[in-house]
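[1] just need the structure, nothing else, for what follows:
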Amino acid sequence: MMARGKQNTETTDGQVLRNDPNQIDGEALQRYVERCITLFTDRQDLTSKIQEVFKEARDAGFVTAHLRQLVREQMMEPQVLADQLAQMDTYRRALGQLADTPLGANALKRARKDNRSNTENMGEPIGSA
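    All right, here's what the predicted structure looks like:
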């Protein structure tokens, strides 16, 4: 739907012309364009400031991917966060990624056993004679 001019226009000789039904209200359009430009500029400024904060955090030794995750979690509603964490825990258990499950405990036990057998088969370290 196009925004149409609301007023009739007058010619230089005093005649009143009816607006063309397809004519766009240029002033209203310009206001929308200016508002969007202002908001995009504000967003760019905020994005730049956020990037500066993450750079400072990285320079201070923090892992920014983890920091971003913490920020996302802090911005969530408490119940939404609790539901998400519970679902992720369910997924991790299903994949055997949690050591407190029988599958996770067996995976850790096997990894330790495999690690020991690999070290024993390596032979003597170089220069240990």
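[2] who does the helix or strand harbouring Val53 touch, helix- and strand-wise?
    Following DSSP states H and E, one finds Val53 within helix 26-59. Packing partners of helix 26-59 (3 or more C-beta pairs under 8 Å, 6 or more residues apart in numbering; DSSP states H and E): helix 64-75. Just so you know, the C-beta spots here come from the backbone N, C-alpha and C atoms, and that holds for glycine as well.
[3] tell me the mean pLDDT over the helix it packs on?
    Rounded to a whole number, the mean pLDDT of helix 64-75 is 96.
[4] so it versus helix 26-59, what angle?
    Helix 64-75 runs at 120 degrees relative to helix 26-59, counting by axes from the mean of the first three to the mean of the last three C-alpha atoms, to 10 degrees.
[5] helix 64-75 - contacts with which helices or strands?
    Using 3+ C-beta pairs under 8 Å, 6+ apart, helix 64-75 sits against helix 26-59.
[6] distance between the helix it packs on and the chain's centre?
    Here helix 26-59 is found 16 Å from its chain centre; the criterion is C-alpha atoms, centre = their mean, to the nearest Å.
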